[in-house]
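Participant: model this:
(one chain, ligands or ions: 1)
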Amino acid sequence: MLVSAKEMLEKARDGHYAVGQFNINNLEWTKSILLTAEELRSPVILGVSEGAGKYMTGYKTVVGMVNGMLEELKITVPVALHLDHGSYEGALKCIDAGFSSVMFDGSHYPIDENVAKTAELVKICAQKGLSLEAEVGSIGGEEDGVVGMGEVADPQECKKIADLGVTMLAAGIGNIHGKYPENWPGLRFDALENIKALTGSMPLVLHGGTGIPEDMIKKAIDLGVAKINVNTECQLAFAAATRKYIEEGKDQQGKGFDPRKLLAPGAEAIKATVKEKMELFGSVGKA
Ligand code: 13P
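Facilitator: Prediction:
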């Protein structure tokens with residue numbers, strides 16, 4: 001059964017480790033992540049962006065697939081199904097479809113509007129026992145080939161949102177989605193410390209987990225990060241393994257064109273990436 005992310009994140013915060021959010025795109029992704037979490041006895045959060053939800057034909061399909069897998073693969077570790085960077089309407093749709101957790105990303109709104117919309121969702125999620133992630137300070141990333149540097153969130157604004165009673169807070173600390181550019185100056189630990197000082201026990205979320213050096217990940221966890229999102233790194237691993245299979249001509253040998261064979265190396269590569277991250281985040285054996 002899907003669970004809210006609240007308990008797993010509070011345990012992570014208190015135990016000084018982080019739970020990974022791994023974004024899913026299809027059946028292979030979901031299966032690889034769930035099997036790895038079960039094997040390593042780690043709690044896990046499956047992230048679904050609005051685009052990925054649409055790709056998988058809609059949130060109800062996602063909920064059906066994930067619930068089916070929890071049962072058929074006999075998954076016993078805590079699993080949350082979480083909307084990633086949701087709009088207000090998207091969050092309502094996911095709640096309706098059976099997600100156990102949602103993110104409302106109101107970081108592009110003026111702070112008062114972000115507060116008002118987040119407060120509405122706090123009420124709805126509390127009634128249903130779901131976890132809610134909010135965001136302050138937008139996370140940069142690549143758009144049309146231009147890599148924007150991540151914003152640094154204002155600690156006072158973070159406090160305003162944290163005080164509404166959200167479960168977890170994503171605050172920009174110079175992190176960005178996708179690959180980091182050569183000249184990236186690194187995470188702003190000074191900002192993280194200031195945010196932590198004002199938000200107290202609120203579990204903090206680090207987006208853009210791909211490509212952040214290990215020592216920075218560890219320091220971020222030490223300073224209060226309890227959830228780390230990874231998406232691009234699984235995509236890169238999947239693509240590289242699939243490329244290798246095809247370049248070696250394996251799709252042209254025997255029944256190598258069978259999708260169950262063709263997609264297997266990519267699925268194994270996702271497992272290896274997820275394992276590496278769970279070990280780094282310290283969530284292994286914490287289920
Ligand atoms: P990356 O794609 O950089 O790993 O970021 C994932 C993320 O933050 C999803 O919200």
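
Participant: run a quick neighbour tally on the residue of the stretch 1-150 of the chain found nearest the ligand.
Facilitator: Closest residue of the stretch 1-150 of the chain to the ligand, CB to the nearest ligand atom: residue 84 (4.6 Å). Where you see a C-beta, it was placed from the backbone N, CA and C, and this is true even at glycine. Residues lying near residue 84 (other CB atoms under 10 Å) number 26.

Participant: residue 175 too?
Facilitator: By other CB under 10 Å, neighbour count at residue 175 equals 33.

Participant: which residue packs closest to it, ignoring adjacent ones?
Facilitator: residue 208 (4.1 Å; CB to CB, 6 or more residues apart in numbering).

Participant: give me the pLDDT value at that neighbour.
Facilitator: The model reports residue 208 with a pLDDT of 95.

Participant: how about the one 3 residues further on?
Facilitator: We have a pLDDT of 94 for residue 211.

Participant: so it touches residue 176, yeah?
Facilitator: No: look at residue 211 against residue 176 with CB atoms under 8 Å: they stay out of range, at 9.2 Å.

Participant: the two: who's more crowded?
Facilitator: residue 176 (24 against 16).

Participant: what residue of the chain is the furthest out?
Facilitator: residue 254 (38.1 Å; CA atoms, centre = their mean).

Participant: now residue 62: which helix or strand?
Facilitator: Taking DSSP states H and E as the definition, residue 62 sits inside helix 59-72.

Participant: for residue 178, that is, sorry about that
Facilitator: Going by DSSP H and E, residue 178 is not in any helix or strand.

Participant: do I have it right that it meets residue 141?
Facilitator: Yes: counting by CB under 8 Å, residue 178 does reach residue 141; the two are 5.1 Å apart.

Participant: returning to that earlier point: report the contact partners of the residue of the stretch 1-150 of the chain closest to the ligand.
Facilitator: Residues in contact with residue 84 (CB atoms under 8 Å, 6 or more residues apart in numbering) are 21, 23, 47, 48, 49, 52, 103, 229, 231.

Participant: who wins for neighbours among the residues you listed?
Facilitator: Counting neighbours by other CB under 10 Å, residue 103 leads those with 31 neighbours.

Participant: assign a three-state SS to residue 275, would you?
Facilitator: For residue 275, the assignment made with DSSP: H, G, I helix; E, B strand; the rest coil gives helix.

Participant: would you list every one of the strands in the chain?
Facilitator: For the chain, applying DSSP state E gives strands covering 19-23, 44-49, 79-86, 101-104, 131-136, 142-143, 146-147, 168-171, 204-206, 225-230.

Participant: what about the nearest residue to residue 109 once chain neighbours are set aside, how many residues nearby?
Facilitator: Spatially, and ignoring its direct neighbours in sequence, residue 109 is nearest to residue 117 (7.0 Å; CB to CB, 6+ apart). Neighbour count for residue 117, taken as other CB under 10 Å: 17.

Participant: and what of residue 245?
Facilitator: With other CB under 10 Å as criterion, residue 245 counts 18.

Participant: quickly note the distance from it to residue 268.
Facilitator: Distance, residue 245 to residue 268, using CB to CB, to the nearest Å: 10 Å.
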